[in-house]
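1. attaching a predicted model along with its sequence, questions to come.
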There are 2 protein chains.
Amino acid sequence: MELSERKKRILTAVVEGYIATAEPVGSKALAQTIGCSSATIRNEMSELTAMGYLEQPHTSAGRVPSPAGYRLYVNELMEKQKLSEAETAAINEKLARKDEQIEKLMAEVGQLTSSMTQYPAYALTMKPPVAVKRFDFIYVDANTFIVVALLTDNTVKNKLIHLPFSVHQEQITTLSSLFNANFTGVTDREITDSIIRSTERAAGDTYGLVAVVASFTMECLAAARTAPLRVAGQSRLLDQPEFRDPDKAHALMSFISEGSHLMDDLPPAGMGTDGVRVTIGPENMAEELKDSSVVMASYDAGDGMRGYIGVVGPTRMDYSGVAAKLSYIAAGLSRMLAGTDAPRGLDNKLVLKESGHYEQEGREEE
Amino acid sequence: MELSERKKRILTAVVEGYIATAEPVGSKALAQTIGCSSATIRNEMSELTAMGYLEQPHTSAGRVPSPAGYRLYVNELMEKQKLSEAETAAINEKLARKDEQIEKLMAEVGQLTSSMTQYPAYALTMKPPVAVKRFDFIYVDANTFIVVALLTDNTVKNKLIHLPFSVHQEQITTLSSLFNANFTGVTDREITDSIIRSTERAAGDTYGLVAVVASFTMECLAAARTAPLRVAGQSRLLDQPEFRDPDKAHALMSFISEGSHLMDDLPPAGMGTDGVRVTIGPENMAEELKDSSVVMASYDAGDGMRGYIGVVGPTRMDYSGVAAKLSYIAAGLSRMLAGTDAPRGLDNKLVLKESGHYEQEGREEE
DNA sequence: AATTAGCACTCGGATAGAAAGAGTGCTAGC
DNA sequence: GCTAGCACTCTTTCTATCCGAGTGCTAATT
């Protein structure tokens, strides 16, 4: 059922009022804003309550949005908020350094997101399965060599291997060609014991050298797949009135820093390729998040990787502002990381301001 | 001035009572424990108060230890606590996996420390300046090569370099010998512009290749020196009654997660080579820590590196238990990391239990 | 001289009751 | 269909009071 225009305005006002003050919103306060008397508002509000969009903490308090109310607000009512000059400038400046390691970059993106939104933030990158493109073995001395593996995602892993016995340069070279023949182009799941054993036979390896290098390889591949999750600004949770109760805060904070659980909720629910997804209170799978909301945005991290940034906060969250900021940061990251080389700087600033949309309108606008 | 035996017992009882209950300790409660009447205790307590070892939150509350009282307790009165079988077993099990990357190991040590002590914990490793031992350049294709640098601390760093122009295998080889000649054995501070420029001339490099690799080198060396600091279990702070006030908790938590500041306090104040250091309330330099205490232990991380683990908590902290646990974990780490190869497992368990000392009695007991 | 018992005093924390205030729902009139 | 008015509900806040734990002091006891 479609709501009347006035109901929409009232619902919007309640949501935004509650977001701003964290106090239930009464009819009197809205009378001027809406432009009719408080009694009318009361009638409308009681209908909205019956429809399930508003709730009353107790008989004589103002109204508070229900999860359904937030959902409606997010889906239809919310103003697509624009960022101020100052905000876009701050984000651009922070993102301006392309040459960081991806690890460090993620840590900084988490902090940036958290400081822009004033909520705890997380950032992670999901990588597709990778394989080794090529191996190189560097002979250091009779007891030492280095394995260097170039992965399909163009990262390089290495390991210094120290042996309790000596090897010749030639043995290393043999090993190198065997590994390049047998262990390239396969994902970690495809490395079986039988491959390892046959390689061992081919190398005439009696010392378990092959096994050591093979396990290093598998480690690399596994590590490259698992996303390192960064969490920043957890303690900002304590700024929110709903987490003045240390027990609540504690529960959510330790859930957040666990990290791994957060990820469980992420991939399944779809979101537009570059959109923003909002999960409100009970919509969250995890029990610990039933009273909280999660806003997340995804970005293209290049090389087929997809990255996610998000924030966690009370259901009474500034969805509009947060969504705008996340979207902008995500867009910036996409530009930065997906542009194969020589990124065009962060001139998507203009694009975003024109579209003024928290859902980035695809990247063909470049 | 030396305190009478009974005063010591009273002070000890007050400190331990307050640690246990977080409530001021009154004279009546101590009467049985000490074995004389409450009036006597009151007399003694008022003297201890005059001496500055105890404080009264208000006229008619029990006594609470002052920082000086804690200090005396830590220095002289504290029972050197032994760990239970279960605790040593838990620690040993966690530490049993030597083959982790040092990065991950540190993260886990932080979590272990935090979960054993129930306070937020941090872990870091201080490295001495390092240099590059040798460079290897791996030619991948006309536009790509990999630089591999073996550092003096036996870690290996690498970087994939993608060029907007093509190079020949031979150019890479030349580059390799130049770098091995000019950039090995020097710390990051010793790499000057003039060295870079002379290398550039020698290489006939017009594309800034040398500069790219040189800056990579400096990054590696700098990164190897700066200690990555890990913080774990921040939210446990909220378990402590003194941090029920979210504002206080927030202030301290964000200070802790900043991390960098924590380090400032560390190295100067000496501690026994393998000892435990306790810094109580106002003894801390940082303003944010004036109401908190820090207990830290250091360990030998091998290769001349020194590591630190520590916990942060209220001044009312279980110093004895925390010190014992930190010391045990630190000793375990020393064994594990400093033993050049084939660590002896964690059989120092026995040593520690025999000495029963929170300060590890040197390592010559091995 | 040290210890103990007794007692008056102090101060914070808990409890209960009253008052205030905000907001609702309903009814009647415009 | 909107608004004004009013009685009612329920929370929050304030205040006054009480209670008790603990102190400091004095006098008696060992």
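-> The structure has been received and is ready for your questions. Numbers count the residues shown, from 1 in each chain, chains lettered A, B, ... in the order given.

2. and the residue in chain A that DNA strand C sits nearest to, how many neighbours?
-> Proximity of chain A to DNA strand C (Cβ to the nearest atom of the strand) peaks at A:G26, 2.7 Å away. For the C-beta atoms, the positions are set from N, CA and C on the backbone; glycine is no exception. Residues near A:G26, counting by other Cβ atoms under 10 Å in any protein chain shown, number 18.

3. tell me the contacts of the closest residue to it other than its chain neighbours?
-> Nearest non-adjacent residue to A:G26, counting by Cβ to Cβ, 6 or more residues apart in numbering or on different chains: A:G62, 3.7 Å away. A:G62 sits next to A:E23, A:P24, A:V25, A:G26, A:S27, A:A29, A:Q56 when contact means Cβ atoms under 8 Å, 6 or more residues apart in numbering or on different chains.

4. now do A:M45
-> With Cβ under 8 Å, 6+ apart, A:M45 has these contacts: A:I10, A:V14, A:S27, A:L54, A:R63.

5. if we go to 10 Å?
-> By Cβ atoms under 10 Å, 6 or more residues apart in numbering or on different chains, the contact set of A:M45 is A:7, A:10-11, A:14, A:25-27, A:30, A:38, A:53-54, A:56, A:62-63.

6. quick one: which of those sit in strands?
-> Taking DSSP state E, the ones among those that sit in strands are A:L54.

7. pipe the contacts of A:M45 into JSON lines and attach distance to B:I172 per row.
-> Converted to JSON lines, those look like this (distance: Cβ to Cβ, whole Å):
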{"residue": "A:K7", "distance to B:I172": "71"}
{"residue": "A:I10", "distance to B:I172": "70"}
{"residue": "A:L11", "distance to B:I172": "66"}
{"residue": "A:V14", "distance to B:I172": "67"}
{"residue": "A:V25", "distance to B:I172": "68"}
{"residue": "A:G26", "distance to B:I172": "74"}
{"residue": "A:S27", "distance to B:I172": "76"}
{"residue": "A:L30", "distance to B:I172": "72"}
{"residue": "A:S38", "distance to B:I172": "79"}
{"residue": "A:Y53", "distance to B:I172": "67"}
{"residue": "A:L54", "distance to B:I172": "69"}
{"residue": "A:Q56", "distance to B:I172": "73"}
{"residue": "A:G62", "distance to B:I172": "72"}
{"residue": "A:R63", "distance to B:I172": "70"}
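
8. quick one: which of the contacts of A:M45 sit in helices?
-> A:K7, A:I10, A:L11, A:V14, A:S27, A:L30, A:S38 (DSSP state H).

9. beta partners of the closest residue in space to the fourth one that isn't next to it in sequence?
-> Beyond its immediate neighbours in the sequence, the residue positioned closest to A:V14 (Cβ to Cβ, 6+ apart) is A:V25, lying 4.8 Å away. Beta-bridge partners for A:V25, by DSSP bridges, are A:R63.

10. verify the contact between A:V25 and A:I10 for me.
-> Yes - with contact defined as Cβ atoms under 10 Å, A:V25 reaches A:I10; the gap is 9.5 Å.

11. identify the contacts common to the two.
-> A:I41, A:M45, A:L54, A:R63.

12. in this structure the first one contacts A:I10, no?
-> Yes - under the criterion of Cβ under 10 Å, A:I41 is in contact with A:I10, at a separation of 6.4 Å.

13. which neighbours do the two share?
-> By Cβ under 10 Å, 6+ apart, the residues touching both A:I41 and A:I10 are A:V25, A:S27, A:L30, A:T33, A:I34, A:R63.

14. do any residues in the one helix or strand A:F145 maps to lie close to chain B?
-> Assigned by DSSP states H and E, A:F145 belongs to strand A:144-151. Yes - Strand A:144-151 is in contact with chain B by Cβ under 10 Å from any Cβ of the partner chain, via A:T144, A:I146, A:V147, A:V148, A:A149, A:L150, A:L151.

15. which residues touch the residue of chain A closest to DNA strand C?
-> A:V14, A:G17, A:S38, A:I41, A:R42, A:M45, A:S60, A:A61, A:G62, A:R63.

16. tell me which of these is nearest to DNA strand D?
-> For the contacts of A:G26, the nearest to DNA strand D is A:S60 (3.0 Å; Cβ to the nearest atom of the strand).

17. excluding chain neighbours, what is closest to the residue in the stretch 251-366 of chain A positioned nearest to chain B?
-> Proximity of the stretch 251-366 of chain A to chain B (Cβ to the nearest Cβ) peaks at A:M253, 3.9 Å away. In space, A:M253 comes closest to B:S235 once its chain neighbours are excluded; the distance is 3.9 Å by Cβ to Cβ, 6+ apart.

18. residues contacting A:H168?
-> Counted by Cβ under 10 Å, 6+ apart, A:H168 has contacts A:Y139, A:A142, A:T174.

19. with A:T40 instead?
-> With Cβ under 10 Å, 6+ apart, A:T40 has these contacts: A:R6, A:I10, A:S27, A:L30, A:A31, A:I34.

20. what's near enough to touch the last one?
-> Shown in contact with A:I34 (Cβ under 10 Å, 6+ apart): A:R6, A:R9, A:I10, A:T12, A:A13, A:S27, A:T40, A:I41, A:E44.

21. sort out which residues of the helix or strand where A:T33 lies are buried, please.
-> Element membership of A:T33 [criterion: DSSP H and E] is helix A:27-34. Neighbour counts over helix A:27-34 (16 or more other Cβ atoms under 10 Å in any protein chain shown) mark A:S27, A:A29, A:L30, A:A31, A:I34 as buried.

22. low pLDDT regions in chain A?
-> Across chain A, the ranges flagged by pLDDT under 70 are A:1, A:97-103, A:205-206, A:226-227, A:260, A:262-274, A:303, A:338-366.

23. can you map out the strands along chain A?
-> Using DSSP E, strands in chain A cover A:54-55, A:64-65, A:121-126, A:132-141, A:144-151, A:156-162, A:230-232, A:276-279, A:292-300, A:306-314.

24. which residue ranges form the helices in the stretch 201-350 of chain A?
-> Along the stretch 201-350 of chain A, the stretches classed as helices by DSSP state H, counting those that start in this stretch are A:209-225, A:246-258, A:260-264, A:319-338, A:348-355.

25. so can I have a markdown table of these showing distance to B:P241 and mean neighbour count?
-> Converted to a markdown table, the helices of the stretch 201-350 of chain A look like this (distance: least, Cβ to Cβ, whole Å; neighbours: other Cβ atoms under 10 Å in any protein chain shown):
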| stretch | distance to B:P241 | mean neighbour count |
| --- | --- | --- |
| helix A:209-225 | 41 | 19 |
| helix A:246-258 | 9 | 19 |
| helix A:260-264 | 28 | 14 |
| helix A:319-338 | 33 | 24 |
| helix A:348-355 | 47 | 16 |
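
26. to A:K159, which of the ones you listed lies closest?
-> helix A:209-225 (4.9 Å; Cβ to Cβ).

27. got the CA coordinates for that closest one in PDB?
-> In PDB, the C-alpha atoms belonging to helix A:209-225 read as follows (Å, rounded to 0.1, in the frame of the first residue of the first chain):
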ATOM      1  CA  LEU A 209      62.800 -30.300   0.100                       C
ATOM      2  CA  VAL A 210      59.900 -30.600  -2.300                       C
ATOM      3  CA  ALA A 211      57.500 -30.900   0.600                       C
ATOM      4  CA  VAL A 212      58.800 -27.800   2.300                       C
ATOM      5  CA  VAL A 213      58.500 -25.700  -0.800                       C
ATOM      6  CA  ALA A 214      55.100 -27.200  -1.700                       C
ATOM      7  CA  SER A 215      53.700 -26.300   1.700                       C
ATOM      8  CA  PHE A 216      55.000 -22.800   1.400                       C
ATOM      9  CA  THR A 217      53.200 -22.600  -1.900                       C
ATOM     10  CA  MET A 218      50.000 -23.700  -0.500                       C
ATOM     11  CA  GLU A 219      50.300 -21.300   2.400                       C
ATOM     12  CA  CYS A 220      50.800 -18.500  -0.100                       C
ATOM     13  CA  LEU A 221      47.800 -19.400  -2.100                       C
ATOM     14  CA  ALA A 222      45.600 -19.800   1.000                       C
ATOM     15  CA  ALA A 223      46.800 -16.600   2.500                       C
ATOM     16  CA  ALA A 224      46.200 -14.700  -0.800                       C
ATOM     17  CA  ARG A 225      42.600 -16.000  -0.800                       C
END
